[in-house]
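after the sequence you'll find the predicted model.
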Amino acid sequence: MGYIRRIRSLGFYLWHMNHMLTHMLIGMVYAWILREVWQQISTQYIILAAFGSVVIDIDHLLYFFTYGRHEWYAFEVRKLLRQGQLRTLWLFWKYNHKSNTGLATHNVYFVGFFIFLSLLSFQHDWKTGVVLFGAIVLHLIYDMFDDVMMLGHLNKSWKSIKHKPYHEPDSVEEVTAAAEY
Ligand SMILES: [Zn+2]
């Protein structure tokens with residue numbers, strides 16, 4: 001029984017890991033395109049592309065533990081973590097993170113900033129910058145696309161750099177409605 005439960009549990013986590021894997025996959029496609037452009041690419045850059053395609057999500061952790069720590073979402077996440085309820089935490093995160101309006105970096109200004117850095121790196125033929133910043137841009141663009149697919153519209157955090165607290169929704173339905181305007 002325990003064995004089967006463990007396998008099912010593994011499947012559960014793998015299923016929810018999908019989003020991160022998609023980010024990585026996009027990073028790999030990007031590395032492949034760069035390889036075509038540069039006619040070669042070293043393993044170092046492939047690893048950097050993988051890193052760049054997920055690194056900006058550190059912002060979720062910063063939100064939970066630093067600048068967003070007083071908001072209900074961060075509070076709940078830390079509570080579940082303390083209680084060791086990892087599965088519930090994973091589900092809670094899954095159903096709420098798309099509606100988190102409080103993230104500092106997931107907005108069009110950061111997209112523009114990283115596009116600028118990518119182009120600058122490209123112009124100066126600084127490959128590290130092209131790989132890293134380009135992968136970050138692709139991460140953010142995929143997240144925007146994912147918002148439209150999951151929520152039907154962009155989370156309002158994308159449109160402004162000003163911090164918008166993520167208020168506790170009154171009901172589960174409002175978790176999705178919270179990002180509407
Ligand atoms: Zn993200």
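Thanks, I have the structure now. Numbers count the residues shown, from 1 in each chain.

so the closest residue to N107 other than its chain neighbours, which of the three states?
Nearest residue to N107 in three dimensions, chain neighbours excluded: W158, at 5.1 Å (Cβ to Cβ, 6 or more residues apart in numbering). To be clear about C-beta, it is placed using only N, CA and C from the backbone, and glycine gets the same treatment. For W158, the assignment made with DSSP: H, G, I helix; E, B strand; the rest coil gives helix.

tell me the buried residues in stretch 51-65?
Residues 52-54, 56-57, 59-60, 63-64 are the ones in stretch 51-65 that count as buried (16 or more other Cβ atoms under 10 Å).

just the ones in helices from those, please.
52, 59-60, 63-64 (DSSP state H).

ok so, going back, residue contacts, the residue nearest to N107?
Contact partners of W158, counting by Cβ atoms under 8 Å, 6 or more residues apart in numbering, are 106-108, 144, 147.

try it again at 7 Å.
106-108, 144 (Cβ atoms under 7 Å, 6 or more residues apart in numbering).

return the member of those nearest to the ion.
H106 (5.8 Å; Cβ to the ion).

does the closest one touch S160 like I think?
No: the criterion here is Cβ atoms under 7 Å, and H106 misses it with S160 at 11.3 Å.

tell me which residues touch the residue nearest the centre of the chain, please.
Centroid check for the chain by Cα atoms, centre = their mean gives D57 as the closest residue, at 4.3 Å. Listed by Cβ under 7 Å, 6+ apart, the contact set of D57 is empty.

over to T128?
L48.

surely L138 meets S53?
Yes: L138 is in contact with S53 according to Cβ under 7 Å; the separation is 6.5 Å.

quick check: neighbours shared by those two?
26-27.

so V137 touches G112, yeah?
No: at 9.3 Å, V137 does not count as touching G112 under the criterion of Cβ under 7 Å.
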